[in-house]
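After the sequence you'll find the predicted model.
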Amino acid sequence: MVVITTATAVGIALAQGSGADTYKANCASCHAADGTANSPAGKMMKINSFKSPDSIKKTNAELTATINNGVSPMRGFAGKLTDAQIKDLVAYIRTLQK
């Protein structure tokens, strides 16, 4: 049982790490490191914070669709990020909303 728990904890840490890395590489410049969109680009483009009630109430499927398809001014990441990367990215965004 300890091995399974340890393996699960390691798996979660790796997923968060890869989501964090993907976020840093593709999202943080506009959405800011903490998800508040309090960056020069975020302010200029009037990007919503991931901590806003509207963002928090979005389902994982809605966040996934937005990441894949984009929403003005954000380009879509379909074909640029794998499904696994997007899933990890959504999980990481959820950690920013806490």
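Good, I have the coordinates. Numbers count the residues shown, from 1 in each chain.

Let me know the pLDDT of residue 13.
pLDDT, the model's per-residue confidence, is 41 for residue 13.

Read off the pLDDT value for the nearest residue to residue 54 once chain neighbours are set aside.
Nearest non-adjacent residue to residue 54, counting by C-beta to C-beta, 6 or more residues apart in numbering: residue 48, 6.5 Å away. Quick note: C-beta positions are derived from backbone N, CA and C, even for glycine. Note on residue 48: pLDDT of 90.

Got phi/psi on residue 65?
With angles defined as degrees, to the nearest 10, residue 65 shows backbone torsions of phi -60, psi -40.

quick one: pLDDT of it?
Per the predicted model, pLDDT is 98 at residue 65.

what number of residues lie near it?
16 (other C-beta atoms under 10 Å).

what's the distance between it and residue 58?
Distance, residue 65 to residue 58, by C-beta to C-beta, to the nearest Å: 9 Å.

cool, residue 48 as well?
10 Å.

Give me the more crowded residue out of these two.
Remark: of residue 48 and residue 58, residue 58 carries more neighbours, 17 against 14, as counted by other C-beta under 10 Å.

what sits against the more buried one?
Remark: with contacts taken as C-beta atoms under 8 Å, 6 or more residues apart in numbering, residue 58 is in contact with residue 66.

does it sit in a helix or strand, and which one?
Assigned by DSSP states H and E, residue 58 belongs to neither a helix nor a strand.
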